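*Asks:* Mind folding the following:
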Amino acid sequence: MNGGFSLQRRLGVGLAAGVTLMWLAATLGAGIVVRHELDEAFDSALQETAQRLLPLAVIGIIERDGSTAQAVTALGKHEEFLTYLVRDKSGRVLLRSHDADPEKFPAEPSRGFRQTATHRIYGEAAISGTIFIQVAEPLAHRRSAALEASAALFLPLFFLVPVSLLGVWVFVRRSMRPVIGLKEEIEARGGADLSPLAARALPTEIGPITDAVNRLMERVRRTLETERSFTANSAHELRTPIAATLAQTQRLIAEAPEGPVRDRAHRIEGLLHDLARLSEKLMQLAKAEGSALLSERPQDLAGVLVHVLDEFRRKEEPSERLRLLLPEGASLMSPMDPDAFGVLMRNLIENALKHGEPGRPIDVSVMDDNVIRVTNDGPVVPPDALARLKERFARGATRAKGAGLGLAIAEAIATGAGGELLLLSPAGGRQGGFEAVVRLPA
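*Replies:* This next block holds a predicted model:
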């Protein structure tokens, strides 16, 4: 896993945060505008009230001669947001509303708007500036009205923001679906599948990447085919001269007298047998790294496994050393090609025979979940050496003959067919030994 980032998550978080901030900014701006408009409406109401009440107050004062201050009696109990005072030019109160507190009004009347710590006040004059009216409104009332209006704007956000976020997530998810499908198609491929990616409706930003990947896979496929073809053809062409040389060497052994010449011919014969085995292994490796590792339909490979074991038993002394643990009625249903499966198991069993404790049994166990275990006795393989055994020409601390290709071939077949090969040492449930665990594709 690299240290990259999820484009889907980044787009979702970015768009969701952007939408949320836009909603909040728009609501905040609307709240400021509403507050300004409310102030204008309240100021207009103060001015209108003063201009409407002043003529009535003047008539009332003239009719009663304005000798004493009079409080207007309320017709009913109510909360009075607007209070007023009528004064003469010396500041004497001539008339007031029933709930007006003279202490909250400026002592000197004047025309126009003014503001105290608690009230917004508008003043108006009549009769050549001898009578003044002051209408006051509590600032708390304005703040309360502004808060209620802002709440009316913000409360819908608790519904709209989650809906917007859900919509953004669904939109991003649907938009990224072709890209996710492309990723899943690539991940589902085996290591040997280098066919072009299927054409699909992709964003214009991703389409060229798909084309570039297809061109790259085509170049890789041609390179691998050239390498495999060279390996297979070389190994195949070597068969005839190796066989001919081996035959001549064996004839030389038969004709040569006892002595250094025959001994040297025997060593040459052994080297030619090793070369023949190496040629065979190279051909198997070329096949393992090819793409023909799967059949058209799944089939039971248990019979192939039994046949491979019978081949080894005919050559192995004693034959009872190879033990097959196959539960009654068990099967190995898998789409792996039977020939490829046979090559895979031959290499694992041959590895166990070659490097296991001489004379000790080798168990080939078939599990219920399409798993095969090949277990042999022997010393524990160090972890660093165990990690390298799947590499080509890698050999552990052993004196047994071999080219170091058996486990590499088994690994290539298992992974190329969509399965898995695990190497364990010590073997499962034992103090020592070696175990190869093959999980076949289901």
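*Asks:* mind listing the helices for the stretch 301-442 of the chain?
*Replies:* Using DSSP state H, counting those that start in this stretch, the helices found in the stretch 301-442 of the chain span residues 302-315, 338-355, 383-388, 406-416.
*Asks:* next one: the stretch 101-250 of the chain
*Replies:* Using DSSP H, counting those that start in this stretch, the helices found in the stretch 101-250 of the chain span residues 139-154, 157-175, 177-187, 207-255.
*Asks:* remind me, longest helix of the chain?
*Replies:* helix 7-63 (DSSP state H).
*Asks:* So which elements touch that helix?
*Replies:* Other helices and strands packing on helix 7-63, by 3 or more CB pairs under 8 Å, 6 or more residues apart in numbering; DSSP states H and E, are strand 83-88, strand 93-96, strand 119-126, strand 131-138, helix 139-154, helix 157-175. (Each C-beta comes from the backbone N, C-alpha and C, glycine too.)
*Asks:* Rebuild those as a markdown table, extending it with mean pLDDT.
*Replies:* Formatted as a markdown table, the helices and strands packed on helix 7-63 follow (pLDDT from 0 to 100):
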| stretch | mean pLDDT |
| --- | --- |
| strand 83-88 | 86 |
| strand 93-96 | 84 |
| strand 119-126 | 90 |
| strand 131-138 | 89 |
| helix 139-154 | 84 |
| helix 157-175 | 82 |
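*Asks:* need these in JSON lines with distance to Ile242 and mean neighbour count, can you?
*Replies:* What follows is the helices and strands packed on helix 7-63, written out as JSON lines (distance: least, CB to CB, whole Å; neighbours: other CB atoms under 10 Å):
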{"stretch": "strand 83-88", "distance to Ile242": "119", "mean neighbour count": "23"}
{"stretch": "strand 93-96", "distance to Ile242": "126", "mean neighbour count": "20"}
{"stretch": "strand 119-126", "distance to Ile242": "110", "mean neighbour count": "21"}
{"stretch": "strand 131-138", "distance to Ile242": "110", "mean neighbour count": "23"}
{"stretch": "helix 139-154", "distance to Ile242": "88", "mean neighbour count": "14"}
{"stretch": "helix 157-175", "distance to Ile242": "61", "mean neighbour count": "13"}
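*Asks:* Same list, the ones you listed, but as TSV with distance to Asp300 please.
*Replies:* Below are the helices and strands packed on helix 7-63 laid out as TSV (distance: least, CB to CB, whole Å):
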stretch	distance to Asp300
strand 83-88	99
strand 93-96	107
strand 119-126	93
strand 131-138	92
helix 139-154	68
helix 157-175	42
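*Asks:* Go through the ones you listed and name the closest to Arg189.
*Replies:* Arg189 lies closest to helix 157-175 among the helices and strands packed on helix 7-63, at 24.0 Å (CB to CB).
*Asks:* now that closest one against helix 177-187, angle please.
*Replies:* 50 degrees (axes from the mean of the first three to the mean of the last three CA atoms, to 10 degrees).
*Asks:* hmm, back to that, now the helices of the stretch 101-250 of the chain in TSV, with distance to Arg323?
*Replies:* Formatted as TSV, the helices of the stretch 101-250 of the chain follow (distance: least, CB to CB, whole Å):
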stretch	distance to Arg323
helix 139-154	77
helix 157-175	54
helix 177-187	38
helix 207-255	33
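*Asks:* how about those helices, which one is nearest Glu80?
*Replies:* helix 139-154 (10.3 Å).
*Asks:* hmm, who's touching the closest one?
*Replies:* Residues outside helix 139-154 that contact it (CB atoms under 8 Å, 6 or more residues apart in numbering) are 27, 30-31, 34-35, 38-39, 42, 81, 115, 118-120.
*Asks:* how about those residues in a markdown table, adding distance to Gln134?
*Replies:* Output for the contacts of helix 139-154, formatted as a markdown table (distance: CB to CB, whole Å):
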| residue | distance to Gln134 |
| --- | --- |
| Thr27 | 37 |
| Ala30 | 33 |
| Gly31 | 30 |
| Val34 | 27 |
| Arg35 | 24 |
| Leu38 | 21 |
| Asp39 | 19 |
| Phe42 | 15 |
| Phe81 | 15 |
| Gln115 | 12 |
| Thr118 | 14 |
| His119 | 10 |
| Arg120 | 11 |
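*Asks:* For Ser195, state which of those residues is nearest.
*Replies:* Relative to Ser195, the closest of these is Thr27; by CB to CB it sits at 54.2 Å.
*Asks:* Listing request: residues of the stretch 201-350 of the chain with sub-threshold pLDDT.
*Replies:* 224, 227-238, 278-292, 317-319 (pLDDT under 70).
*Asks:* hey, which of the helices of the stretch 301-442 of the chain is tucked in deepest?
*Replies:* helix 406-416 (a mean of 24; mean count of other CB atoms under 10 Å).
*Asks:* how far away is Val343 from Thr375?
*Replies:* As judged by CB to CB, to the nearest Å, Val343 and Thr375 stand 20 Å apart.
*Asks:* again but with Arg277, I slipped
*Replies:* Arg277 is 24 Å from Thr375, by CB to CB.
*Asks:* between those two, who's got more neighbours?
*Replies:* Shown here are Arg277 and Thr375; by other CB atoms under 10 Å, Thr375 has more neighbours (23 against 15).
*Asks:* coming back round to it: now distance to Asn370 too, for the helices of the stretch 301-442 of the chain, in CSV please.
*Replies:* CSV is the format used below for the helices of the stretch 301-442 of the chain (distance: least, CB to CB, whole Å):
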stretch, distance to Asn370
helix 302-315, 11
helix 338-355, 11
helix 383-388, 24
helix 406-416, 12
